[in-house]
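Colleague: What shape does this take:
(one chain, ligands or ions: 1)
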Amino acid sequence: MTDAGGFAGRYREAVAARGRLCAGIDPHPELLEQWGLPVSAEGLARFGDVCVGALGPTAAVIKPQVAFFEAFGSAGMAVLERVIAGCRDAGALVLADAKRGDIGSTMAAYTRAWLGDESPLCADAVTASPYLGFGSLSPAVAQAAETSRAVIVLARTSNPEGAGLQLAQAGGATVGQTIVDDAAEINADGRATVGVVVGATRAHGLDLGALGGVILAPGLGAQGAQAADLPDLFRGADQGWLLPASSRGVLRAGPDVAALRAACEATRDDIETALTGV
Ligand SMILES: O=c1ccn([C@@H]2O[C@H](COP(=O)(O)O)[C@@H](O)[C@H]2O)c(=O)[nH]1
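Modeller: Model prediction:
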């Protein structure tokens with residue numbers, strides 16, 4: 001798969017049609033129970049089917065949290081493969097939230113798993129940790145650029161524990177800002193190959209103006225962030241690239257497919273209203 005505009009065109013098309021929401025699929029054991037499902041690979045599969053049916057045709061971007069599938073071993077990963085394929089077939093972009101990061105040679109193997117056309121886990125984008133050095137992500141960035149996909153790197157995460165590392169000074173800027181700047185440099189070609197994670201849970205202090213890529217902003221709903229916070233938090237950023245994310249806040253509306261879809265649409269509408277003022 002190649003196209004001249006890279007990931008940027010596919011992403012802009014998806015959010016223009018469906019709005020700015022990344023809907024998370026996080027099958028917490030508590031949610032399986034709340035949905036009346038067994039905490040087993042079978043329950044996970046039924047949870048996944050409902051999510052694909054409800055969110056696949058509605059959300060611009062769907063973010064399965066890989067950890068909740070891994071917890072069930074190979075059976076869980078088989079479910080994840082079906083969820084990824086089902087959401088992509090329904091027209092959503094899939095962002096695998098795997099937060100991979102390792103030395104370059106191992107990163108190349110992770111890249112084959114999450115961004116390789118031949119892989120059953122192949123997604124449109126994957127989250128990555130740049131804390132072995134931004135350059136260690138080069139295999140993923142190169143593969144993403146070549147195949148019109150994206151790598152979304154952790155810059156300023158939504159959890160309070162991230163501050164010590166991400167706000168540390170590194171050569172006149174915070175560590176988080178150096179990640180954003182490294183991403184912006186790659187995105188100067190207009191392809192939006194590298195996005196960043198910036199939590200919506202607190203002021204981040206980053207200059208995102210030159211990023212030119214997705215700003216994944218988790219924290220809406222269960223972590224306490226609200227759509228109304230977004231315009232101020234992301235003032236100065238190109239809000240066309242802002243992609244607020246919610247998992248449990250939407251998933252709690254299940255297991256009824258129509259109710260889950262309505263919760264996804266309502267969250268998306270709140271975000272669009274907050275960002276556009278209409
Ligand atoms: O900084 C980060 C990076 C990733 N996440 C992930 O997003 C979802 C949030 O789930 P909620 O249920 O909406 O709280 C989850 O998969 C996290 O691993 C994040 O929260 N913060």
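Colleague: in the chain, which spans are strands?
Modeller: 22-25, 61-64, 93-100, 125-128, 150-156, 169-170, 173-174, 194-198, 215-218, 242-246 (DSSP state E).
Colleague: same for the longest one, what does it pack against?
Modeller: Translated: strand 93-100. Counting contacts by 3 or more C-beta pairs under 8 Å, 6 or more residues apart in numbering; DSSP states H and E, strand 93-100 packs against helix 7-18, strand 61-64, helix 66-70, helix 73-89, helix 104-115, strand 125-128, strand 150-156. C-betas here are computed from N, CA, C, even on glycine.
Colleague: if we go to 6 Å?
Modeller: For strand 93-100, the elements it packs on are strand 61-64, helix 66-70, helix 73-89, helix 104-115, strand 125-128, judged by 3 or more C-beta pairs under 6 Å, 6 or more residues apart in numbering; DSSP states H and E.
Colleague: per-residue pLDDT, residue 1?
Modeller: We have a pLDDT of 44 for residue 1.
Colleague: need the residues of the stretch 1-150 of the chain near the ligand, please.
Modeller: 24, 26, 65, 97 (C-beta under 6 Å from any ligand atom).
Colleague: one more time with 8 Å
Modeller: 24, 26, 28, 63, 65, 67, 97, 99, 127 (C-beta under 8 Å from any ligand atom).
Colleague: ChimeraX command to pick out the buried ones of those?
Modeller: Of those, the buried ones go into a single ChimeraX selection, burial set by 16 or more other C-beta atoms under 10 Å:
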select :24,26,28,63,65,97,99,127
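Colleague: Now render the residues of the stretch 1-150 of the chain next to the ligand as JSON lines, adding pLDDT.
Modeller: Output for these, formatted as JSON lines (pLDDT from 0 to 100):
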{"residue": "24", "pLDDT": "99"}
{"residue": "26", "pLDDT": "99"}
{"residue": "28", "pLDDT": "98"}
{"residue": "63", "pLDDT": "99"}
{"residue": "65", "pLDDT": "99"}
{"residue": "67", "pLDDT": "98"}
{"residue": "97", "pLDDT": "99"}
{"residue": "99", "pLDDT": "98"}
{"residue": "127", "pLDDT": "99"}
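Colleague: Could I get the full set of helices for the stretch 151-278 of the chain?
Modeller: In the stretch 151-278 of the chain, the segments counted as helices under DSSP state H, counting those that start in this stretch are 163-166, 175-187, 230-233, 248-251, 257-276.
Colleague: Figure out which of the ones you listed is closest to the ligand.
Modeller: Between the ligand and these, the tightest spacing by C-beta to the nearest ligand atom is seen for helix 248-251, at 3.3 Å.
Colleague: average pLDDT for the closest one?
Modeller: pLDDT averaged over helix 248-251 gives 98.
Colleague: swap in stretch 152-171?
Modeller: 97.
Colleague: contacting residues around that stretch?
Modeller: When contacts are defined by C-beta atoms under 6 Å, 6 or more residues apart in numbering, stretch 152-171 is touched by residues 125, 127-130, 174-176, 178-180, 195-199, 201, 204, 206, 216, 218-219, 223.
Colleague: Buried ones among these?
Modeller: For these, buried by 16+ other C-beta under 10 Å: 125, 127-130, 174-176, 178-180, 195-199, 201, 204, 206, 216, 218-219, 223.
Colleague: List the buried residues of stretch 257-266.
Modeller: 260-261, 263-265.
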